[in-house]
Every structure is written in C-alpha cells, then in structure tokens.
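Participant: predicted model follows, preceded by the sequence.
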Amino acid sequence: MMDWTAVILSLKLALATQLVLLPPAIFCARWLALTTFRGKAWIEGVLALPLVLPPTVIGYYLLVAMGGNSPLGRWFEALSGQTLAFSFTGLVVASALINIPFAVQPAQRAFEAISLEIHESAKCCGLTFWQTFRRIELPLAWPGILSAAVMTFAHTLGEFGVVLMVGGNIPGETQTVAISIYDRVQSFDFSTAGAMSLLLLGISLVTIAISYGMADRLMRRRRL
Amino acid sequence: MSLRLELQHNGPLLDFTAEIPAGQISALVGPSGSGKTSILRAIAGLLRLRRARISLADERWDDEGLHRPTRERSIGMVPQHHGLFPHLSVLGNVEAALTHLPAPSRRQRAMECVRLAHVSGMEDRLPSELSGGQRQRTAMARAIARAPKLLLLDEPFSAIDRSTRKHLYLELRRLHQQLGNTVLLVTHDLDEAAQLATHLLLLDQGRLLQAGATTEVLTRPRSVQAAQLLDIPNIFTGMLETSRSGRALLRWGPHSLRVAAGANASEGRIKFAVLPQNLLLVKTDRPWGSHLENPLPTVVRDMVTLGGEVLLWLQLQEVPEAQLQMRLPERAVRRYPVVPGSEVTVCIRAGDIVLLEH
Amino acid sequence: MRGRELLLRRLMPLLVLLVVATTAAPAAEIPAIAAAADLKFALSEIATQFKRETGRELRLSFGSSGNFTRQIEQGAPFEMFLSADENYIFRLAEQGRTVDRGRLYALGQVGLFVPHGSQLRVDAELADLRAALQEGRIKRFAIANPEHAPYGRAARALLESTGLWDSIEAHLVLGENAAQAMQFAASGASQGGIVPLALALAPEIARRGQFILLPAAWYARDPLRQRMVLLKSAGDSAAAFYAYLLQPAAREILARYGFVEPPESE
C-alpha cells in the first residue's frame, strides 16, 4: 500500500521550491562570488544559518513570522483567503528559506571558479552583462547550479521538523511523505511506512546518481 | 592616432605619463612588480585608477569623471594565460567577440581571423584540446576579431616554449604588417622586446624611465636606472671636463677619454656606461693608428664561452675598481687567442661612451 | 549545445507546466478534520462508512489536542475539531473561532498496556507495577506528554493518585500524543505504558501485548471529556459529519472502541 497523495505532495513541494528558490539563489550566488565588501562574511553567515540551526528553531521563527497572528500571515490571509501557515504555500515559503544554503553555496563555488581572466576577456570581446551571463557564466557554472538543484530537491523531500511545525499534518495539503511515514509508524501501519520509505530512498538515489554523473561529465569537458 | 596616457595610482604605485605611437609595435618593459600589467589593464578599462587620462586619437577613454567601459573601447586583448572560454570551440571563442554581427557574416569573419592567426583546421577543437601555442593563436584570433585600433598583449609568450615562441614572434610581425594597428606588448623579457618592438618604453616602480625607438633605448640609456634595467654591466664613474680646445674629456683614473658630450653636459662627476659589445680588441699585429680612439690597457681576469660568444672580464690598469665586461664572437678569439692573465688593449669609440644622468 | 543539456533544456518548461497545473487546484474542497490521537482507528472507520453512505470525503489529521488547539489559534484551516479534553474546545469557543460550544461525544478511558516479553505483568491494582518499580525492573514507561495531551494529563493524574508518580517520573518516556505513547508502549521500547483504551482495542495493537482497563476514579482529576465542535469555517461536509457522529451507526463504532457514551443530560 502507498500513500500516493503524500508522495505527489512531496514531489510538488520539491519542484515548487526549485522554481521559487533557484533563480534568486543563482543571482545571489553570482553576486557573492564576484563582489567583496565589508560585512560580506556576515551575509554569508546569515545565509548559511539553516545549515546549523535545529529545524525546530527555524520552525519556531517561521511560525512566529507566518502564523495567523503575524503581520505577514494576516496580509496573506487578506489577499488569498487562506492562511499562510498550515498551507501548501506556507510550506513552499518555509522550504525555500531553509534550502537557501543548499542552493546558494554550490552555485557560489561554481561562479567563483570562473577566473577573472575569463570575465575580463568577455569584456574585451565586447559582451554585455547579460550576454556574458548567458553565454559564458551560466554554461561554466552549470554543474554547480545543477548540484544546487539536486541538493535542494533531495533536502526538501526529506525535510521533517520544519514541515511538521509550519505545515501541520494535513493530508493533501501539508502531509508530505516524511510526515506520512511518521504517521504510519505511529499507527503500526508498517507496510505503508516501509513502502514509502523505500520509494523515497529510490527517488533520492536515482536523482543524485543522475545529476552527479551529469555534473562529472560536464566538469571533465570544462577542465583545461 | 597615438595613445596618450597619464596614470596615477597608489597600489601598485604608478606615476606614468607616456605617448604610444600609432601603427607601431611598442613594448612596455620592466621588472616584475613595476606595474606594467596594471597599466595595460587600465588602458583596457579593466582597472580603475586614482587618476587616469587615457585617450586614443580623439577618443577620450578616461578623464576626470569619465570612464568609458571596456566594451566600448576599440581594443583587443591577449591576457597572460590566453583567457579562452573553456566551454567554447576555437571558432566559438572567436565568434564570442562578434556578437554585433549577424550570424552568417559572424562565421565568415571568425573563419577569416582564425586563418590570419594560423589556427585553421582547429575550428571545432576545445581549448583543452589545444597546445599552448595554439591557444595563444586562438586568443590572438579572438583579439583581432573586432578589428580593434589598439591591440594589448600581456606577456602573451611567457608560458610558451622557445621554439614555438619564435614562430609566434614571426606571426605577430606578419599580422601587424597586414593589419597595421597599434600594438602594445607588455613583457619583462628584453630580448623579446628587442625582436618585436620598434618602440620601447622602460618602466620601473610605476615610473617611465625612458621611451623611444628600440635601438636607441637599448644602446643609449639615459639614466643609471635605465642602464641597470637594461642589464648593462659597465657602469663607471668619471670626471667630465672641457679641454682647452673646447672638446669634452672624460677623466677615468689616469686615463683621458674623448667623449661626444651634448651641449648641456655639465662638468664634474658623472656616471657613464659602455655596452660590452662596444669594447674593441686592439689586435697586436695591427699598428697603432689614430683611428683607434680611447685605448685602454687592461688585464684579462676571466673568460667564459657562452652560446657562440666569449665573455671577458678585464681589469683596467691603474683603476682597480673598474672591471670591464667585454663580449666577442667566438671566431674572433679563435683567430687572436686571449688567455686570462694576459695584457690586452681595448678601445672605445667616443660615440659609444654613454653619459648618464642621475 | 550538447545532447543531454539540450534534453534538459527542453524538459524544464514541461516540468514547470506540470508543477503549475498540479498546484493550481488545491484539495481545499475536502474538509480537514483535526482529531485527538486516540480516535485514530475509531474515526477512520467512521469516516470510511460516512463516505460509503454519503459519498463525501474527509481529510483526517490525528495528533495531540493541545497541539491542534495551538494550530487552530494560529489559523490552521481545520473545519472540525474533536478534542480529548473539552477545555480546549471552550478556549477556542471563547476566542470566537467555533460556531458554538460543541458537544460531548464520548468519555475516554485509559489502562495499562504491557507488551509481550516485558517483565511487567498486568493487574487491576497495578500491584506488579508498584513492585517492579521498587525492584528496579522498570527502565522506561510510556505516557503521552501531560503538557499538551489530555491522555498524558490523565495518566499523570492516575499515577499521582495511586502514589506511583514520584518513583516512576524518572523513567517516563513522553509521547508527543496518545498515539505515539501507544507506539512506545507497544513496540517494546518500554516496559509498558498508560494508554487509551480506544487504541489498545485496535487489532494490530491488541496482539502486541496485554491490556487492562483502569478505574476512571483514579484520574477523576483530569477526566477525558471528549468534546467536538465545528469551527467557523466549517462547510456542508463537515457539518454533515458532525451530525453523523451522533447517529447510531457512528455510536456503535465508538462503543466498540471503548468510548463511553456521555450521559444524556449533557
């Protein structure tokens, strides 16, 4: 037996997080890779917080920020008629926030690896900012961006603590696979829990294997 | 159509004013850390200086409150490590500089540049599949793609092996003949500058020491610093006097040398230099003649054969601190053997004694 | 542009379309019902029957009543709440989040559960438990968290009234809700626990150990007066379910799981 609702919800959450998080993360990574300024370490530290903070701490602050009594929560409710916390949208917001380091750091490393000489050559070739970004930087940073996407995807599929606190356990809305497994174990429904765990394991393995293989191939082509 | 520069900066220290003549290959020569790469990058617009005035012909590139971005300058640059885009083929790299052209003419122009730079046949290869020399040629093809008025080369041959380098020198000269643009080459290698450039600028610690035609600068340094930079070993101190007949005389210990002094040469202590190849060996079988100027008695202290040349270290008699370095082709020594310890007379033409200002 | 990169670039727009299409229609029409963890098996059965009879679907969430109350206060979109402690319902009613003060639907009961292989033996006076504590045979004992689970509070009241609390407190392992306490007790992770009757009666749990019901008087201080209420946002399906729970078919299922029907006067 399998809780397909939870599986589909988790996949939707993972994909939605990618769409929301990756474009700004790419630009942020590029900005951090190419500029230095006082206090840069602080900014990088803040962005890396989700790596070290316990999920429950993050969940607590997110609830405070997004809950029904918060300004953000009330504004969202006025706008859409739905609450932000305990909704799929709220999960996407939370998921995007906690995945920031997973999205920014690999991409930042990839942009940093593009030498200054290449940037300067691009300028000397007469390329504009966008031309350089599209034709030179993105293709060279592609493995890092792919890595960021994969890490975010896998991490979202597995996220538990924050999802439980911010989303609750509402089937079809916020009950992801990870929570459903937790739920099933409590009900002694080990067959479903086992089946879902295996499926999650399989999806994660396949995703990571494919993308690491692709990234490796791309890296080999680029090495000089 | 010359390039006019007035550059001032603090880190690295720069106080450089120069004019690069149009249509020639000029070399900017100096030791590491002298700021030559910074100057090149400032000209390219890649480095913002504290104060900079740069203009090419009537185009102002840098001035008070004005900075034209690199993109809008008519330049092509070959950086020290080629700077090729690793994910694009040779043709792709050259086409990257031609986005202002529509696709079909872009390819045509790119193929043309590839041909001019002698990398035909490599169009589809990636930079990782090319040799060092081929990469530099590709970088050159890309640099000339936009038909720039100014070509900037940042020590482009430093990482290339000697035999390939010779080919690249030839190709650069031929390319320059065909294109006729202004080329500024940055190098720390004097020989390279001597072979490639018709105009030479000597740089040390961010300051211009001397600029002029290559042969002029190499043979007639104007200052002690320039002479040291040019690696001229024979720098000595003497006393400049005017003889009763109005001619300029240089007193060197007990010896008096005739020199060709300029009108504004002042009397007194002066430093002077002689190029090793300008010391002439007086052959023992030839009679003494008045056409031999400034004879000097010396003792041979040391002798080393290096690459077809013989280097001699001579001790000037009665001036113990003066050790002259002399250079002779090997065949000359074979005909008139010289051994350490023997006494030889050398002479220097008056015009070959270079008076140095401090 | 090499082959695989091209493929990925072509796939991306399709993926985007897929996500947009599927997220565009949330399952908001099916009401979300929050229920105390002890109702896990009973309510699921009732809901299945409800769907068979009326064709209406429900989304059930089980957890601790205290937790749900907090979530509802923060705006969680539940349409109906079945609490194991009526005080939570009253609190929500005073905040104006409910349509009325709800209705007592059952009285919950607890007992001692001992998994197979445990060194503990069940008996109605908890004599063996007392002895086991003295002899040090008890390493861990499971109850729900008294902070926010009514069944935890009831367990605590029970242990205090029987004078066992002080000696057992150090060995307690707290479940986040009554169902997790049940899981701790039944999985053999502890020597036993105070758990809801409703869960102990479920076949998949019953076969894992022994259970004995304990007198309600022992936890009269924190009785399990299970109350349900419709929240302000309740729609037709939720209201229909609310009514269904009071009918004989549902009552029969509740009774089978040991829920005592509340006296008529209430």
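Facilitator: Yes, it's here. Numbering: from 1, shown residues only, chains lettered A, B, ... in the order given.

Participant: check contacts around residue C:222.
Facilitator: C:85, C:150, C:153, C:154, C:156, C:157 (C-beta atoms under 8 Å, 6 or more residues apart in numbering or on different chains). (Glycine included, C-beta is placed from N, CA and C.)

Participant: wait, a helix at the third one?
Facilitator: I take that to be residue C:153. Yes - Residue C:153: assigned to a helix according to DSSP: H, G, I helix; E, B strand; the rest coil.

Participant: helices along the stretch 201-350 of chain B, start to end?
Facilitator: B:214-219, B:224-229, B:330-335 (DSSP state H, counting those that start in this stretch).

Participant: where does chain A have low pLDDT?
Facilitator: A:217-224 (pLDDT under 70).

Participant: what residue in it comes nearest to chain C?
Facilitator: Across chain A, the shortest distance to chain C (C-beta to the nearest C-beta) belongs to residue A:68, at 2.6 Å.

Participant: for that residue, which non-adjacent residue is closest in space?
Facilitator: Distances taken as C-beta to C-beta, 6 or more residues apart in numbering or on different chains place residue C:75 nearest to residue A:68, at 2.6 Å, with adjacent residues excluded.

Participant: over to residue A:109?
Facilitator: In space, residue A:109 is closest to residue A:144, 5.7 Å off (C-beta to C-beta, 6+ apart).

Participant: so that neighbour versus residue A:211, what's the distance?
Facilitator: 11 Å (C-beta to C-beta, to the nearest Å).

Participant: quick one: secondary structure of residue B:26?
Facilitator: strand.

Participant: shouldn't residue B:202 be in contact with residue B:212?
Facilitator: No - taking contacts as C-beta atoms under 8 Å, residue B:202 lies outside contact range of residue B:212: 9.3 Å.

Participant: which one of those two has more residues nearby?
Facilitator: Between residue B:202 and residue B:212, residue B:202 has the larger neighbour count (other C-beta atoms under 10 Å in any protein chain shown), namely 26 against 14.

Participant: hang on, the earlier thing: export the contacts of residue C:222 to CSV and tack on neighbour count and distance to residue A:182?
Facilitator: CSV is the format used below for the contacts of residue C:222 (neighbours: other C-beta atoms under 10 Å in any protein chain shown; distance: C-beta to C-beta, whole Å):
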residue, neighbour count, distance to residue A:182
C:85, 26, 23
C:150, 30, 21
C:153, 24, 23
C:154, 30, 24
C:156, 21, 25
C:157, 19, 28
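
Participant: so the closest residue in space to residue A:70 that isn't next to it in sequence, which of the three states?
Facilitator: For residue A:70, ignoring the flanking residues on the chain, the nearest one in space by C-beta to C-beta, 6+ apart is residue A:64 at 6.4 Å. Following three-state DSSP, residue A:64 is assigned to helix.

Participant: same check on residue B:81?
Facilitator: Judged by three-state DSSP, the three-state class of residue B:81 is coil.

Participant: look up phi and psi at the nearest residue to it once chain neighbours are set aside.
Facilitator: Counting by C-beta to C-beta, 6+ apart, residue A:117 is the residue found nearest to residue B:81 once chain neighbours are left out, at 6.0 Å. For residue A:117, the backbone dihedrals (degrees, to the nearest 10) come out as phi -60, psi -40.

Participant: just confirm yes or no for the helix or strand harbouring residue A:12 near chain C.
Facilitator: For residue A:12, the host element (DSSP states H and E) is helix A:4-34. Yes - between helix A:4-34 and chain C, judged by C-beta under 8 Å from any C-beta of the partner chain, the touching residues are A:8, A:12, A:15, A:16, A:19.

Participant: so what does residue C:31 have for phi and psi?
Facilitator: Main-chain dihedrals, residue C:31, degrees, to the nearest 10: phi -70, psi 140.

Participant: burial measure for it, as a count.
Facilitator: Residue C:31, neighbours per other C-beta under 10 Å, totals 25.

Participant: got the contact list for it?
Facilitator: C:58, C:59, C:79, C:80, C:234, C:235, C:237, C:238, C:241.

Participant: farthest-separated two in these?
Facilitator: C:59 and C:234 (13.6 Å; C-beta to C-beta).

Participant: re earlier: show me which of residue A:144 and residue A:211 is the more surrounded one.
Facilitator: In terms of neighbours (other C-beta under 10 Å), residue A:144 is the more surrounded of residue A:144 and residue A:211; the figures are 25 against 18.

Participant: does that one touch residue A:112 like I think?
Facilitator: No - counting by C-beta under 8 Å, residue A:144 stays clear of residue A:112, with 9.0 Å between them.

Participant: the helix or strand containing residue A:46 vs helix A:4-34, what angle?
Facilitator: Element membership for residue A:46, per DSSP H and E: helix A:40-52. For helix A:40-52 against helix A:4-34, the angle by axes from the mean of the first three to the mean of the last three C-alpha atoms, to 10 degrees is 160 degrees.

Participant: helix A:40-52: how far from the chain's middle?
Facilitator: 15 Å (C-alpha atoms, centre = their mean, to the nearest Å).

Participant: residue contacts, residue B:315?
Facilitator: Here residue B:315 is in contact with B:298, B:299, B:300, B:301, B:322, B:323, B:324 (C-beta under 8 Å, 6+ apart).

Participant: who's it bridged to?
Facilitator: residue B:299, residue B:323 (DSSP bridges).

Participant: next one: it from residue B:235, what distance?
Facilitator: Residue B:315 sits 16 Å away from residue B:235, going by C-beta to C-beta.

Participant: quick check: residue B:275 touching residue B:219?
Facilitator: Yes - counting by C-beta under 8 Å, residue B:219 is a contact partner of residue B:275 at 6.3 Å.

Participant: more neighbours, these two?
Facilitator: Using other C-beta under 10 Å, the more surrounded residue of residue B:275 and residue B:219 is residue B:275, with 21 against 14.

Participant: list the contacts for the more buried one?
Facilitator: Contacts of residue B:275 by C-beta under 8 Å, 6+ apart are B:219, B:232, B:234, B:352, B:354.

Participant: max pairwise distance over those residues: which two?
Facilitator: Across the contacts of residue B:275 (C-beta to C-beta), the longest gap, 12.8 Å, separates B:219 and B:234.

Participant: would you mind giving the domain segments of chain B?
Facilitator: B:3-220, B:232-356 (automatic domain parsing).

Participant: whatever residue of the stretch 51-200 of chain C ends up closest to chain B: how many residues sit nearby?
Facilitator: Using C-beta to the nearest C-beta, the point where the stretch 51-200 of chain C gets nearest to chain B is residue C:77, with a distance of 49.0 Å. By other C-beta under 10 Å, 22 other residues sit near residue C:77.

Participant: tell me the contacts of it?
Facilitator: Counted by C-beta under 8 Å, 6+ apart, residue C:77 has contacts A:82, A:83, A:86, A:87, A:170, A:173, C:28, C:32, C:233.

Participant: cool, residue B:233 as well?
Facilitator: Taking C-beta under 8 Å, 6+ apart, one finds B:276, B:325 in contact with residue B:233.

Participant: and it, backbone torsions?
Facilitator: phi -80, psi -20.

Participant: I appreciate the help and will end here.
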